[in-house]
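Enquirer: I need the structure of the sequence given here:
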Amino acid sequence: MKKKETPEDTAVGADGQDSNDGVDKDESIEDTVDLSQEIDHYKSIAQRAQADLVNYRNRAIQELEESKRTVQFGLLSRFISVVDDLERAMENLPEESQNEWSEGIALVLRNLEKILELEGVVQIESLGKPFDPKEHEALLYEENTEIEDGQIVSVIQQGYRLNERIIRPARVTVSKFIEKESQEDDLRKQEDK
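Expert: Numbers count the residues shown, from 1 in each chain. A predicted model of the protein is given here:
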C-alpha cells in the first residue's frame, strides 16, 4: 500500500532537508511585503481621494453660500434705493397734496422698511458718532469750533448693514475742529480782501 503524500513530505527530501533550499519562503515573504506596501499605497490614494472629495464638497457649499449672499446683497441694495426715493418723496410732499396719497406713500415706505428689517438689514447709526471709514463715507468737512475733530455732524445718505457686512456706507459730513482764534483770523483776512 502506497503512503499518501502530505505537503510536508513533498517539500522535504529524503535526507530531511527542504528540497527548495528556502527560496520559496523568501519569495513568499517578499511577495507578502510587496503586497502589504501595495495595499498601503492604494489605501493612501483612496484616503487622499476621499479627502479631496470632502474638500470639494465644502468648497462648493461655500461658493454656493457666497453667491447667495451676493444675490441677496444686490437685491437688498435695490430695495434700499427705493426706500431712499420714498423718504425723499415724503420729505418733499407739497402742502396741498392729498392726505390719502401721502398716507399711501408712508405705508409703502413702512412696508419696505419692515421687509428690510425681517431680512436682517439695519441702519448704521451715524449722527454724533466718531467717523469710522469702515461704516462711513465722508463727503464734506464742516469747520466747527464746538464739536471735536472727526465727529459726524450730519447724515447726507443713510447707510445700511446686513449682519456685520456693510451693504452701503453712510454718506456723512464730518466736523473739523478749529480754534476760535484761527476762525477770527480767517474772518479778518476775508474782510481785508
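Enquirer: for this structure, what's the longest helix?
Expert: helix 23-91 (DSSP state H).
Enquirer: now for that helix, which elements pack on it?
Expert: Using 3 or more CB pairs under 8 Å, 6 or more residues apart in numbering; DSSP states H and E, the elements in contact with helix 23-91 are helix 99-118, strand 160-162, strand 165-168. Quick note: C-beta positions are derived from backbone N, CA and C, even for glycine.
Enquirer: how about the longest one: buried residues?
Expert: Of the residues in helix 99-118, 109, 112-113, 116 count as buried by neighbour count, 16 or more other CB atoms under 10 Å.
Enquirer: ok, now the last one?
Expert: Buried residues in strand 165-168, defined by neighbour count with 16+ other CB under 10 Å: 167-168.
Enquirer: show residues contacting it.
Expert: 69, 73, 76-77, 80, 121, 124, 134-135, 157, 159-161 (CB atoms under 8 Å, 6 or more residues apart in numbering).
Enquirer: domains for this structure, by residue range?
Expert: Domain segmentation of the chain under automatic domain parsing yields 21-119, 122-193.
Enquirer: looking at these, which is buried most?
Expert: Sort the domains of the chain by mean neighbour count, taking mean count of other CB atoms under 10 Å, and domain 122-193 sits at the top with a mean of 14.
Enquirer: wait, Y160 sits on G120?
Expert: No: using CB atoms under 8 Å as the test, Y160 is too far from G120 to be in contact (10.4 Å).
Enquirer: can you pull up the most central residue in this protein?
Expert: E66 (6.8 Å; CA atoms, centre = their mean).
Enquirer: where in the chain is the helix or strand with the lowest mean pLDDT?
Expert: Within the chain, no helix or strand scores below helix 7-11, which has a mean of 49 by mean pLDDT, DSSP states H and E.
Enquirer: quick revisit: can you put the buried residues of helix 99-118 in a markdown table and add distance to L53 and pLDDT?
Expert: A markdown table is the format used below for these (distance: CB to CB, whole Å; pLDDT from 0 to 100):
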| residue | distance to L53 | pLDDT |
| --- | --- | --- |
| L109 | 50 | 92 |
| L112 | 44 | 92 |
| E113 | 45 | 91 |
| L116 | 40 | 91 |
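Enquirer: now, which of those residues sits nearest E146?
Expert: E113 (33.0 Å; CB to CB).
Enquirer: wait, what's in contact with that closest one?
Expert: E113 neighbours (CB under 8 Å, 6+ apart): V83.
Enquirer: and it, how far from E179?
Expert: Distance from E113 to E179, counting by CB to CB, to the nearest Å: 42 Å.
Enquirer: Q62 now?
Expert: Distance from Q62 to E179, by CB to CB: 53 Å.
Enquirer: cool, P94 as well?
Expert: For P94, the distance to E179 - CB to CB - is 44 Å.
Enquirer: same thing with V83?
Expert: 40 Å.
Enquirer: which intervals of this structure have sub-threshold pLDDT?
Expert: 1-24, 98, 180-189, 193 (pLDDT under 70).
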